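> need a 3D model of the sequence below.
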Amino acid sequence: MSLKSSLSVSWVRVYLAVVGTVLLLDLALSLNDTCLTGTHHKKSPSPETTMKECVLYSNSSCCHGNFTEKLVSPVKKVDNTHWNVCQQLSEGCEVFMKKIECFYQCSPHTAHWMNPSYTAGFLHVPLCVSFCDSWLDACKDDLTCAKNWLTDFKFDSDGNHCQHDCVPFGKMYSNGTDLCQSMWGTSFVVSSSDCHCLQLDSRDEMVLPYILHQNDSSSSLSPNQEGPCHHAPMSLD
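Okay, the predicted model is just below:
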């Protein structure tokens, strides 16, 4: 093959990769028009300029800015759930708890995984195993008395109460995967594929189109479309 032909082939590959990425991003953005149906969720996402937390979603948010006042440190209670039911969470642990709460309440992407049996919640959102491991590492010395925070507490008008002894997260959960797939029931699943899981940070905007494309049984990604995703975490750090 001549040098000219090789260059032509290279440019075609670059072009296809760029076009594939743009089309996938357009797909993701075109679906950002609904929200879950929880107490604090809007009907559709819109910009918020007064967010105290969850600013990752300020350009297109499913929650109102005043909701995020609940997440200003130190967080004691969010709606009917005390975060400090055993003790005040450490700063590092609280960071990850906020990421989860912000995604649930404010992200314009959660409706892609809306639970058909409970439209105020989501089902099987894919989190990266590295995120889950970091979450457990940050919370390992913090205390909790419930493995599943949706079912293992006793709830009354004053919120959640322990039914079991308080133990460290590191004892309650065997590893990060156990934490992610237990604390909020079936809300999350864990994936080791960088192109098919969320980190709940700015990189998700690059990865989301690949996840949605994977979930579409009538679609498949070509190598040219997959390529940019593998470089996304490095380019967006």
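
> buried ones in stretch 159-170, by neighbour count?
By neighbour count on 16 or more other C-beta atoms under 10 Å, the buried set for stretch 159-170 is 160, 162, 169. All C-beta atoms are positioned from the backbone trio N, CA, C, and that covers glycine.

> scratch that, stretch 175-186 is what I was asking about
Quick answer for stretch 175-186 (16+ other C-beta under 10 Å): 176-177, 179-184.

> quick one: contacts for the closest residue to His161 other than its chain neighbours?
Spatial nearest neighbour of His161, excluding adjacent residues (C-beta to C-beta, 6 or more residues apart in numbering): Lys154 at 4.7 Å. Neighbour list for Lys154: 160-163 [criterion: C-beta atoms under 8 Å, 6 or more residues apart in numbering].

> and the helices in the chain?
Along the chain, the stretches classed as helices by DSSP state H are 3-30, 91-106, 129-139, 169-172, 176-180, 204-215, 223-236.

> let me know the angle separating the third one from helix 91-106.
Direction vectors for helix 129-139 and helix 91-106, defined by axes from the mean of the first three to the mean of the last three C-alpha atoms, to 10 degrees, enclose an angle of 130 degrees.

> hmm, who's touching helix 129-139?
Outside of helix 129-139, the residues within contact range by C-beta under 8 Å, 6+ apart are 89-90, 92-93, 95-97, 169-170, 173, 175-177, 179-180, 190-192, 197-200.

> what mean pLDDT does that helix get?
Throughout helix 129-139, pLDDT has a mean value of 98.

> same check on the fourth one?
Summarised as a single mean, pLDDT over helix 169-172 is 98.

> and that helix, what does it pack against?
helix 129-139, strand 143-144 (3 or more C-beta pairs under 8 Å, 6 or more residues apart in numbering; DSSP states H and E).

> how close does Val95 get to Leu200?
Here the criterion is C-beta to C-beta, to the nearest Å. By it, Val95 lies 10 Å from Leu200.

> between these two, which one's more packed in?
Comparing Val95 with Leu200 by other C-beta atoms under 10 Å, the one with more neighbours is Leu200, at 19 against 15.

> contacting residues for the more buried one?
For Leu200, the contacting residues are 56, 99-100, 102-103, 127, 131, by C-beta under 8 Å, 6+ apart.

> what's the neighbour count on the residue lying closest to Thr34 once chain neighbours are set aside?
For Thr34, ignoring the flanking residues on the chain, the nearest one in space by C-beta to C-beta, 6+ apart is Ala111 at 4.5 Å. The number of residues packed near Ala111 is 20, by other C-beta under 10 Å.

> try the one 5 residues further on
Using other C-beta under 10 Å, Pro116 has 6 other residues around it.

> one step back: which one of the contacts of Leu200 is nearest Asn148?
Checking those against Asn148 by C-beta to C-beta gives Ile100 as the nearest, at 13.9 Å.

> which residue is nearest the middle of this structure?
Closest to where the C-alpha atoms of the chain average out (C-alpha atoms, centre = their mean) is Leu200, at 4.2 Å.
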